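> I would like to see how this sequence folds:
(2 chains)
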Amino acid sequence: MIRLQRSMIAGLQGPSPQLQAVLTALQSAIELEHATIPVYLYALYSLDQTKNAEIAEIIDSVVVEEMLHMTLSSNVLNALGGAPMIDSPSFIPTYPGPLPGGVQSDLTVNLAPFSMDQLATFLQIEQPENPLNFKALAVDDTITIGQFYTAISDAIAALGESVFVDPPRNQVGPDLMWGSVVVTNVATAQQAIQTIVDQGEGTTTSPEETPGGAYAHYYRFMQIQKGHLLVATPDGGPGPEDKYAYTGAAVTFDTGGVYAVGTNPALPPGYTPGTQQAFANDNFNYTYTNLLGVLHQLFNGDVSEALFNRAIGLMMSLKGQAKAMMSGVPNPAVLTGPSFQYQPVNPAIS
Amino acid sequence: MSYLGALRLHFAGQFQSNVSTVNNDPAHFDNAIFKSTYQAMEGNHMRPPNGWFNPQGDAAFRLLGCTVGSAWLPSGPVPASDPVLGYIVADSDGQVPGKMVDLDPEQQLVSEIWGLQVRIADSTGNTLMRGDFEPAAFMDIWDRATGGGSGDIGAGATYQSILTGLEWGDVSASPFLTALQQAACGGTLSIKINVDGLNMDFTSPHFMCGRIAGTIGPSGDDEPQHMVIGRQFMASAAAGGNFFTPQGKLNFFPAVVDDTEGCIYLDLGNALSTANPGGPINDHGDLTLSVGDTSLGTIPADGTGGYASDPDWYARTAGVVALPLTADQLQAIAAAPLILAGTDGATISEWSNGAFLRADRYVYRLSPGDDPEIPIYATQFGKPLAGASIAFVLDSSQLQPTPAQFPYVAASPPVAEPDTALSFDTPEPTDANGVALLSIKATDPGTPRWFNNGADYGIDGQVYGIRPSFADAAMNAGPVNQWCFVSVLLWSGYTPADPVTWTDVQPIFQQYANLYPVMLRFLNLADYASVLASAGQLSLAFGLDVTDPNSMPVTRDLSPAKRAAILAWLKAPWPGEVAAPAPRTDQASLKADAFAESLAPAPPRGGKAAAAARRLVLQTR
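Numbers count the residues shown, from 1 in each chain, chains lettered A, B, ... in the order given. Predicted coordinates for the structure are as follows:
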C-alpha cells in the first residue's frame, strides 16, 4: 500500500474546504493515475504474449481502467472550473522515483520488464485501505489513495452544488469512454470518484468493483502472485474473505516469456544518440508526447469524437511501437524499452 | 504560384518510410499458398522465400530532424534575424505518422504518402504553421547514386503536393512566415520534397530512413497540385540501370520563369546525381543555362556555395537555383527551348517545341461505375497550351506482373486485363488554361487476378496504365518520360451475401494478416474470435476516411464495396464456415540450401528495384 503525504489533502478537510485545494488535489489525482500507466505498459509490452497471455491480459485490463480514472478525475476537475494540465514535461514522473503527489519515499517505482518483483510494486500501488484478507494479508490502516479520494469527495460535498460550473463543460462522457461519468454536480462527482476507488481497491465487502463486475486492481494482480485466478466461493464461509479464493485456473508466469529489456532507460546516460535504441525510443517518446498533447486538448474543451479517435490512434501506435522495439524488431539483437519522456521534437535534442 | 518561386523556404533532414515488404511479391496475396516464412526477414540472396527486407514495417512515414536551410522573400534571402532560419519542419504533433503505401503489388512505382501533416515549428516544437499534405505519389524515380550501392538505396524520387487546412501560430516575429501566411490566403501551400539514400540495413540506426530535401511556398488556386506550370527539362533514357538513367546525366526537372522578378527558378532537387546514396552531389562542372548558343547564366560547381563543392548546398537550397534574366533574355527564351549543360557532357533540355503534357494527379483508385474526369495539363515554353488535342492509350508497359522465377514464389496474374473495363472518349482540346479532361468510365473487371485459374481469392481488381500524348504526333518533339502516365487500380465489383458472414470476410482479413505481420501486435486478423474481440476498434479504423492516417487497411487497397461489407459484418458478426483451400503445388520450392549458403552475402536490392526490373516493357523487350 502506498501512502500520500498529508499535504496532499491539506485544505480539503474541515467544515470549509478551499475550492482551490480541491482543484490542486484533482490535478494531483490526474498525475497520479497517469503515473502508473507507463509502469504497467512497460511490463505489459515486455511480455511475449504467446507465452504469458493471461498475465498480459490482466495488466492490460488494469491499464485501461487507469486511463478511465484519468478521464474521471479530469471530468471532476473540469466540472469545478479547473483545467487539467497534461501537455507538460512536469506531468510525467521520473522513473525511477516515487509516484507523484507526495507518495511515500519508500516506494520507488521503476520502469522495468515484468517480474514477480515488479508485480510486488504493482500490488503495493494498488493495495486497498482494507484489503479483504482472502488467505492472510496484513491490514494497514494508514493513509491510502482511497483516503485521498475520499477527502476530495468529502470536500466537494462540503463545498456544495454552487461550485459546479453551469453549464457543464469539457466532459468526456460514456459516449466516448466506456464507463465514464459526466460530472455536473456533487452526486456525479462523487460517483466518478467512487468509480475510481472501487475499480482500484474494490469495495469494503467484495473484491468486485462497482459498477462492472471485474475484480479491483489489487485482486487482479494478486491472481498472478497466487498463480491462480480468483473465483467466487459462495459457500466458502460466513465472512467476506470466505466468498472468494485464489483457486481458479492456473496463471503461470513463464520467465522465458519476457523480453530482456533494461530497467529505467531514462537513467543517465540513457540511450546513446545515433543508435537503433535511441531511434526507436525517440519515435516512441514523440508519439507519447503527442498523445499527451491530444489528451490535453480533449480535456480542455475540444471534446470531439474525431479528437478522441486520434488519441486512440496514438495509443495504438504506441502499442505497436513498444511491442516492436521491446521484442527486437527490426533487429533481434537490439531490444529497446521506451523511456516515456517528454519529447516535442523528433529526434530528441541531444 | 508554387513552391518554385520568389517566396519559398528550403528544408532538409531525414525521412523514415517504414513500409512493409511482405506484399512486394504479388504471389504473397495468394492465401492458398502463403507460408509463415513469407513473413520472415530477408535471408541471404532472398533464400529461403521470405518477407523481403522489412516484413514488420508499419508503413509510417516520418519527418526526422528536418531544419530550415534558407528562406527567400521576393527581395532576396530573408535577413539573418528572421527566426525562421532556426525553425524545423516536422510531422504531426497531434496524430499518428503519415503512411507510405503502394498502389498495388503490380504497380509499386507510384508509392503515395497518406495522412501526413507537415508543420513549421520553432526549435522546441511550437507550431507556427500546420497543414495536411494532400496524398501524392512519387514521380521521376531514377538511379540517382552513381556509386556506393544500387537498387532502392541508390534511387531518388520526388513528391509535389499541396498543404491544406492550414493553421497558423503567431508568425509576427518572422517576416518570411508573415509573407507566406499572406500569400496563402487561398488556404493552401505548395510543397515539393525530394527523397534519396534509403537505408535498407536492418542493423543500422537509419534503417528505412533516407535523406529528404524540400521546398515550401505559396500555391495558386487555379494551378495544378502535383506539378509546376513551367519549363520542363526532359531526359532521354540510357540503357540499363534499375529505374531510369538519363543519357545526359541530369534527370527530369521543372523551371519557372518569373517575368516580374526577372529571373528563372530551376528545381534541380531530383536532377543532380550523387556520388553515393544520399551522398554528395556529383560534379558536372559549372552548369550553364542556355538558349541556342547564348548563355543565360551559370550555376557554379566550385567555390563558395558551389553545388558540388559546398557540402551544405543541397540542404540549404533543396536544389533550387534562381538565375537572373534581363529583359532581352526573357524575350529570347519566351519561345525557344532551354538547355542546361555541364562541362563534362551533362546536358538536358526542353523539347524543341517546348511542349509538355501530364496528368496533375496520376494515381486513381476506382470502383465499377466511377467516371472521373482527370485533368491533363498541356504547356508550351512554360505557358498553358490551349487548343491542343490529347490522345490516350492504355499502356501497361510500366506495370509489373511477376514472372515465375526466383525470387518470386509464383507467377502473378496478368495486368491490364480485361482491357475493356476502362473506356474513355477523345476529350475536348485543351482549354485556355491548357487543361483537357480525360473522362474515364470504369466497369467491373471481374476477378482477373484471383489465383489458381480464378478459383482462389487473390488480388482485388486490376491495374491499368493510361498514357496521354499530343494527338498531333509532330507535337511530341522530344523524349517521353516513361513515368508520365496515369495509374488506375480498378476494383472488382463485389456484392456481399446478406447477411455478411465470416465466410465472406475471412479471405479479406486473412490476406491482410498474411501481408502485414505488424497486425499481430494488435490481433490475429485471420481468427474469428480475435477479430470479434477487437470489433469496436476495427469498426472505427475501417470507418475512417482513407486520408486519415489511422485508416485501415493502411494499404488503401480495400474497395468501398468490400469496406461496406466488412463494416456490416463488424456490426453483426455472423459466423461462417471457412474451408481450407485445396493443396496447391504452383509455388516455388526454394530452400535454405547449400547453394544459398555458398553465396557471398549480398545486400538487399529492394522492392522498388525488383518491381522496376519486372516491368512489362523489360519483359517483352
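
> residue A:13: what's its closest spatial neighbour, skipping adjacent residues?
Spatial nearest neighbour of residue A:13, excluding adjacent residues (Cβ to Cβ, 6 or more residues apart in numbering or on different chains): residue A:151 at 6.2 Å. Any C-beta I mention is one placed from the backbone N, CA and C, and that applies to glycine too.

> who are the neighbours in contact with that neighbour?
Residues counted as contacts of residue A:151 (Cβ atoms under 8 Å, 6 or more residues apart in numbering or on different chains) are A:9, A:12-13, A:25.

> please redo it, this time with the cut-off set to 10 Å
A:4, A:8-13, A:17, A:21-22, A:25, A:143 (Cβ atoms under 10 Å, 6 or more residues apart in numbering or on different chains).

> average pLDDT across whichever strand or helix holds it?
According to DSSP states H and E, residue A:151 maps onto helix A:145-159. Helix A:145-159 shows a mean pLDDT of 91.

> in the helix or strand following it, what counts as buried?
Using DSSP H and E, the helix or strand that follows helix A:145-159 in sequence is helix A:186-201. For helix A:186-201, the neighbour count (16 or more other Cβ atoms under 10 Å in any protein chain shown) marks A:186, A:188-201 as buried.

> how close does the residue nearest to residue A:13 sit to residue A:89?
Relative to residue A:89, residue A:151 is positioned 28 Å away (Cβ to Cβ, to the nearest Å).

> what's the answer for residue B:390, then?
According to Cβ to Cβ, residue B:390 stands 57 Å off from residue A:89.

> the two: who's more crowded?
Set residue B:390 next to residue A:89 and count neighbours by other Cβ atoms under 10 Å in any protein chain shown: residue B:390 wins out with 22 against 11.

> so who does the more buried one touch?
Counting by Cβ under 10 Å, 6+ apart, residue B:390 touches B:357, B:376, B:378, B:426-430, B:435-438, B:468-472, B:475.

> need the pLDDT of residue 138.
In the absence of a named chain, this looks at chain A. 32.

> actually it's chain B I care about, not the one you picked
Looking at residue B:138, its pLDDT stands at 98.

> what number of residues lie near it?
Counted with other Cβ under 10 Å, residue B:138 comes out at 24.

> and the nearest residue to it once chain neighbours are set aside, what is it in contact with?
In space, and not counting its chain neighbours, residue B:138 is closest to residue B:157: 4.0 Å by Cβ to Cβ, 6+ apart. For residue B:157, the contact set (Cβ under 10 Å, 6+ apart) comprises B:109-111, B:137-142, B:144, B:193-196, B:198, B:243-244, B:251, B:270, B:483, B:608.

> all strands for chain A, in order.
Taking DSSP state E as the test, the strands found in chain A are A:231-232, A:244-245.

> quick one: closest of those to chain B.
Ranking the strands of chain A by proximity to chain B (Cβ to the nearest Cβ) places strand A:231-232 first, at 22.2 Å.

> what's in contact with that closest one?
A:206-208, A:223, A:243-249.

> neighbours of residue A:322, how many?
Look at residue A:322: counted by other Cβ under 10 Å, it has 25 neighbours.

> and what of residue B:175?
18.

> do residue B:103 as well
Counted with other Cβ under 10 Å, residue B:103 comes out at 22.

> what about chain B, any weak spots by pLDDT?
Residue ranges of chain B with pLDDT under 70: B:585-599, B:620-621.

> so for the residue of it found nearest chain A, what's the nearest residue that isn't a sequence neighbour?
With Cβ to the nearest Cβ, the shortest gap between chain B and chain A falls at residue B:125, namely 3.2 Å. Sequence neighbours aside, residue A:344 is the residue nearest to residue B:125 in space, at 3.2 Å (criterion: Cβ to Cβ, 6+ apart).

> check contacts around that neighbour.
Neighbours of residue A:344 in contact, by Cβ under 10 Å, 6+ apart: A:87, A:89, A:285-286, A:289-290, A:292-293, B:90, B:93, B:121-122, B:124-127.

> are any of these buried, and which?
Neighbour-count burial (16+ other Cβ under 10 Å) applied to the contacts of residue A:344 gives A:87, A:285-286, A:289-290, A:292-293, B:90, B:93, B:121-122, B:125, B:127.

> circling back to that earlier point, can you pick the most crowded of the contacts of strand A:231-232?
Of all the contacts of strand A:231-232, residue A:207 has the most neighbours under the rule other Cβ under 10 Å, reaching 25 neighbours.

> got a pLDDT number for that one?
Per-residue pLDDT puts residue A:207 at 76.

> can you give me how far the helix or strand where residue B:15 lies is from the chain middle?
Using DSSP H and E, residue B:15 sits in strand B:8-18. Relative to its chain's centre, strand B:8-18 lies at 15 Å (Cα atoms, centre = their mean, to the nearest Å).

> state the next helix or strand along the chain beyond it.
Later in the chain than strand B:8-18, the nearest helix or strand by DSSP H and E is strand B:60-73.

> what residues does the helix or strand that that next one is followed by touch?
The helix or strand immediately downstream of strand B:60-73 is strand B:76-77, counting by DSSP H and E. The contact list for strand B:76-77, computed with Cβ under 10 Å, 6+ apart, reads B:6, B:70-71, B:85, B:176, B:322.
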